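S.K.: 3D model of this:
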Amino acid sequence: MASRPLLSFIVVALLLIGAGLGFATLQPLSTGDAGRPALATAPDPPGPRSTVLPRIAVLPFTDSAPQADLAALRHGIAETLMQRLGSSGEVDVVGRDSVGNALALDIGTANIAVLLNASHVLDGRMLLDGDRITLEAILMDGDSGAPLWQARHTGDRATVQRLPDVLEQGIRAHLRTHSPGQSSEKNDAPLRIAPPVEVPAEAHTAYLNGRFAASRRTAEGLQRSLVWYARALEIAPDHAASWAGMAESRQLLVWYAGIPPHEAFPQALKAAQRALDIDPGQAGAAAVLGLVQWTYQRDPIAAEASMRRAVALNPGGAHGYHALGQLLAATGRMSEAETVFARAVALEPLSLVVRTDYATAHLFAGELETAVSLYDYVLELDPNFALARVFLAIAHIKSGQPVQAIGELEHAIRVGGRAPLWLAVLAHAHASAGRAAEARAVLGEIDGVAPAFISPAALALVEIALGDRDAALDLLDRAFAKGDPFLIYLQVYPQFDGLRGDPRYDALLERSGLFGANGRGSDAAG
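M.R.: Numbering: from 1, shown residues only. Here you go, the predicted structure:
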């Protein structure tokens, strides 16, 4: 590793040590010899490590001779172990996205612990020899890097799929014995013994391949994940994790690929409910259920209950907090959203999606300067993270800088693809800049994208900027019939401000059932 990134990370460590209860200053990223970004300063940590719960970063097990057929298995075992530990209530677990982004910096295990504010790091390797797989795991102290606990297991794939449960039991037993923060009450409590795993190895491998494909958060990856989940369910129809994964991918495809809401959301709802019927402890399925209840069924009360259920089922994971934070922000409950997002960011300090949605909560609250600063930070971590550029463009439109917004959107579309929703925002930016011809040209391109779903609510924003309020309100009416999930932003999306006070708009807010009495958020209504 080059000396400059290493020196940069020493600065990170010093800043974190000196920051105490505060936050380190954000600075741009530098670049190492290998072209990987290296942090010049620390991300703003959520605060000191918990004095009660250990905080663990679970790294995907490495393969000294990388083999493609082991990649999904290595990452899948790590992710399953994260879920097991997080749902125990005894450990805080750094989220998958943050671990992946930290590994991309190529800064070494000890530095990753500092960057992620982890008291412990679980690392290890996996070796394949014919049909036999050997997994070696080592739990290390986050401060010193000293080994604290080790395990080695060899077997076929059917044996390896049980390893998350085995490793969880060993790690929790060690921490109960050696972590001073654990109360005597917790230390005396019996370990949860996981039931025997009865899922055939082929089904489990297909599920892990699905998780690996979905983690890329692209339209292609999400579609591919559905193929893998379907294969797993052909073999094991009652595999709750595969049903939960299918629910997540189906609801994301509405946003990422323009799959029609009336097609994708009912399928996602059915899959999430099936997962919870099989395993009521499926936190991921509860979070997805909440998202569908909110964005499609427009039932924020039921959605919030499902999201809080997800949090209760896995208090050490970010999924439930992330979903709940979005709902609270979009319904005008910013003080609550701040608290929930703070927890999500603490668990996923380097997640680009979580941090982008946290910035968007500030955008919805009218805190433009804060939102722009937070979007800029995400783009320091990854200049090609398209979602952050799209929302940064929306902030620029709101602040009267549509030309700057056009530049951000063109970059986002160049690296992230010409998604119909993003093209609609680009048309809106052109219209806001007084470029009506360019806006109409982009709308023409959107019309040519078939059979993808095109959000009528997003198209309404273009008509608002072009000065046609009636056309905008007609499109919002159409959005209700189409099951447009973009309607969740009807109250808080800044570019809808131009319709406020119009009787038709106020009627739409009330009809939606999304925002409480008279279209107001819960804080405002209460």
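S.K.: okay, and the helix or strand of the protein with the least pLDDT?
M.R.: Lowest on mean pLDDT, DSSP states H and E among the helices and strands of the chain sits strand 29-31, with a mean of 28.
S.K.: From the chain's centre, how far out is stretch 61-80? Work that out for me.
M.R.: Relative to the mean C-alpha coordinate of its chain, stretch 61-80 is positioned 21 Å out (C-alpha atoms, centre = their mean, to the nearest Å).
S.K.: any idea how far V254 is from the closest residue to Q251 other than its chain neighbours?
M.R.: Closest residue to Q251 apart from its sequence neighbours, by C-beta to C-beta, 6 or more residues apart in numbering: A268 at 4.0 Å. Quick note: C-beta positions are derived from backbone N, CA and C, even for glycine. Going from A268 to V254 by C-beta to C-beta, to the nearest Å gives 8 Å.
S.K.: other SSEs contacting the helix or strand where G245 lies?
M.R.: Using DSSP states H and E, G245 sits within helix 240-257. On a contact count with 3 or more C-beta pairs under 8 Å, 6 or more residues apart in numbering; DSSP states H and E, helix 240-257 meets helix 201-214, helix 219-235, helix 261-278, helix 283-295.
S.K.: Tell me which of those helices lies nearest to V390.
M.R.: With C-beta to C-beta as the measure, helix 219-235 is the member of the helices and strands packed on helix 240-257 nearest V390 (15.1 Å).
S.K.: that's a strand at G332, yeah?
M.R.: No: the assignment for G332, made by DSSP: H, G, I helix; E, B strand; the rest coil, is coil rather than a strand.
S.K.: sorry, back to before: okay, angle between the helix holding G245 and helix 283-295 too, please.
M.R.: Put simply, helix 240-257 runs at 40 degrees to helix 283-295, going by axes from the mean of the first three to the mean of the last three C-alpha atoms, to 10 degrees.
S.K.: so helix 240-257 versus helix 261-278, what angle?
M.R.: 160 degrees.
S.K.: CA-only coordinates of helix 240-257 in PDB, if you can.
M.R.: Extracted C-alpha coordinates of helix 240-257, given in PDB (Å, rounded to 0.1, in the frame of the first residue of the first chain):
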ATOM      1  CA  ALA A 240     -38.100 -18.000   4.600                       C
ATOM      2  CA  ALA A 241     -34.800 -16.100   3.800                       C
ATOM      3  CA  SER A 242     -35.300 -16.700   0.000                       C
ATOM      4  CA  TRP A 243     -38.900 -15.400   0.300                       C
ATOM      5  CA  ALA A 244     -37.600 -12.300   2.100                       C
ATOM      6  CA  GLY A 245     -34.900 -11.800  -0.500                       C
ATOM      7  CA  MET A 246     -37.500 -12.100  -3.300                       C
ATOM      8  CA  ALA A 247     -39.700  -9.500  -1.600                       C
ATOM      9  CA  GLU A 248     -36.900  -7.000  -1.300                       C
ATOM     10  CA  SER A 249     -35.800  -7.400  -5.000                       C
ATOM     11  CA  ARG A 250     -39.300  -7.100  -6.300                       C
ATOM     12  CA  GLN A 251     -40.100  -3.900  -4.500                       C
ATOM     13  CA  LEU A 252     -36.700  -2.400  -5.500                       C
ATOM     14  CA  LEU A 253     -37.200  -3.200  -9.200                       C
ATOM     15  CA  VAL A 254     -40.100  -0.600  -9.300                       C
ATOM     16  CA  TRP A 255     -37.500   2.100  -8.600                       C
ATOM     17  CA  TYR A 256     -34.500   0.700 -10.300                       C
ATOM     18  CA  ALA A 257     -36.000  -0.800 -13.500                       C
END
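S.K.: so how far is that helix from its chain's centroid?
M.R.: Mean-position distance between helix 240-257 and its chain equals 13 Å (C-alpha atoms, centre = their mean).
S.K.: quick one: that helix to helix 219-235, angle?
M.R.: Using the same axes, to 10 degrees, helix 240-257 lies at 160 degrees relative to helix 219-235.
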